[in-house]
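Asker: model the structure of this input:
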Amino acid sequence: MKRPLSHVVARLALSLGLAASVLAAPSPAEAAKAGHAFVPGSGTFIEYVSDDFEDPSWNFIHNHPKSSREQDEQVRYPRGEATNGRWTEGPERGQPDQIQIVDTPEGGLPGSEHALLLRTLHSGIPGYNTNDVQQDDLIANVVQRLGTSIPVGNRPSFTIRVFLPPFEEWEDRSGPQFGIRASTSTITTEKTGGFFSRTETKNEPYWPGMWIHFRSETGRKTEADSAYVAVRANRRGQDYRALEITETGWWTFGMSFTPDGMVHYYASPGVDELTEADHIASEFPYSYTALSFRTYFVDVCNWNNGRSWSTPFIIDDPKLFVVNSSRIEQIVARKQQMEERRAAARAAAEERRAAAQERAAQKRTASRRSSSGR
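Answerer: Below you'll find the model as predicted:
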């Protein structure tokens, strides 16, 4: 049975930071400041930190219980990780309970046969039902695989396809349901101490992105199910409604990062490549100026009561691009060479072991024959 939780969820989500106040979109004059934005997908495709989910051996090792440092300061090792090393459980929140390769839904990218289903039930602290909105993350292993973040001066961007199921399949809860996010960092300064105060600088991570919000028809003052994209966040750290979702099915989302530290948001129905017409916002979230891009990730949210599964979203072809890519390409080339050398060394060692086992077997056979012939 559907439950009218929308007003409760909105209040709790606000306190969790899941859906800070959702305001109206900026005015056209404010949006005009994005003249220097560039379309996600521009530049060189960095396959080394992307995925298409077509590898038949693709799997995710969960390693429960999940981490929940954000809630109770507990990081539980070993963290979950995809067998191809491209995805990981974050330390702040656990990974979704269901991470499963599925057949690509109709209307997906040409040639795509498989995509990734994401769904969760036990979000939040393991073994504890908080009866509020919690979220789980699946994080692209960009920093770990590259061994470095990417300065925004290099103009990084990413794109991802997301399948939105029919509204009747969404979790019956008004509020944030799915996030397309980035991990970025800046440098902040603050004064410490009293009379002899001094200024300290520190690296400050933050996580801009887009949230897909649902309006359930069971909520107050809601006549029919609908959804919209909210941008996280404006200069004051507030989310705002940027784009109505008028159709479900496949959507393409992307974010780009310019040398001035601004974040640019794009979204469009379908699986076509993004264009300038798909730009929905440009912001300095929290009044921060981005210095580096660390990774991209997705979130799934649900009502953490042990019974309510999150909406079954499906993702496909998450891709990272860099316009000024020479440094990253050199890093990837070195990494791949090292991996090839390690793979060759492992193969050679395996051949030596097999040869040694074969020689030992031949000796045993010869010994038995010699003994039987006496």
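
Asker: pLDDT weak spots in the stretch 251-374 of the chain?
Answerer: Along the stretch 251-374 of the chain, the model assigns pLDDT under 70 to residues 373-374.

Asker: ranges for the strands of it?
Answerer: When secondary structure is read from DSSP state E, counting those that start in this stretch, the stretch 251-374 of the chain shows strands at 263-269, 279-283, 292-303, 313-322.

Asker: for the ones you listed, which one sits closest to residue 188?
Answerer: Between residue 188 and the strands of the stretch 251-374 of the chain, the shortest gap by Cβ to Cβ is with strand 292-303, which sits at 13.7 Å. Quick note: C-beta positions are derived from backbone N, CA and C, even for glycine.

Asker: got a list of what the nearest residue to residue 43 once chain neighbours are set aside touches?
Answerer: Distances taken as Cβ to Cβ, 6 or more residues apart in numbering put residue 323 closest to residue 43, at 3.5 Å, once the chain neighbours are dropped. Residue 323 is in contact with 38, 42, 43, 44, 154, 155, 156, 157, counting by Cβ atoms under 8 Å, 6 or more residues apart in numbering.

Asker: adding distance to residue 54 and mean neighbour count, write the strands of the stretch 251-374 of the chain out as a markdown table.
Answerer: Output for these, formatted as a markdown table (distance: least, Cβ to Cβ, whole Å; neighbours: other Cβ atoms under 10 Å):
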| stretch | distance to residue 54 | mean neighbour count |
| --- | --- | --- |
| strand 263-269 | 23 | 23 |
| strand 279-283 | 30 | 22 |
| strand 292-303 | 19 | 25 |
| strand 313-322 | 10 | 22 |
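
Asker: now distance to residue 164 too, for these, in TSV please.
Answerer: Converted to TSV, those look like this (distance: least, Cβ to Cβ, whole Å):
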stretch	distance to residue 164
strand 263-269	9
strand 279-283	16
strand 292-303	13
strand 313-322	7
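
Asker: to residue 92, which of these lies closest?
Answerer: strand 292-303 (10.4 Å).

Asker: tell me the strands beside the closest one, with direction?
Answerer: strand 133-140 (antiparallel), strand 150-151 (antiparallel), strand 175-192 (antiparallel) (DSSP bridges).

Asker: comparing those strands, which stretch has the densest surroundings?
Answerer: Among those, strand 133-140 has the highest mean neighbour count (mean count of other Cβ atoms under 10 Å), at a mean of 26.

Asker: need the contact list for the most centrally placed residue in the chain.
Answerer: Relative to the mean C-alpha position of the chain, the nearest C-alpha, by Cα atoms, centre = their mean, is the one of residue 297, at 1.3 Å. Applying Cβ under 8 Å, 6+ apart, one finds that residue 297 lies in contact with 90, 137, 138, 139, 140, 181, 182, 183.

Asker: please consider this matter closed, and thank you.
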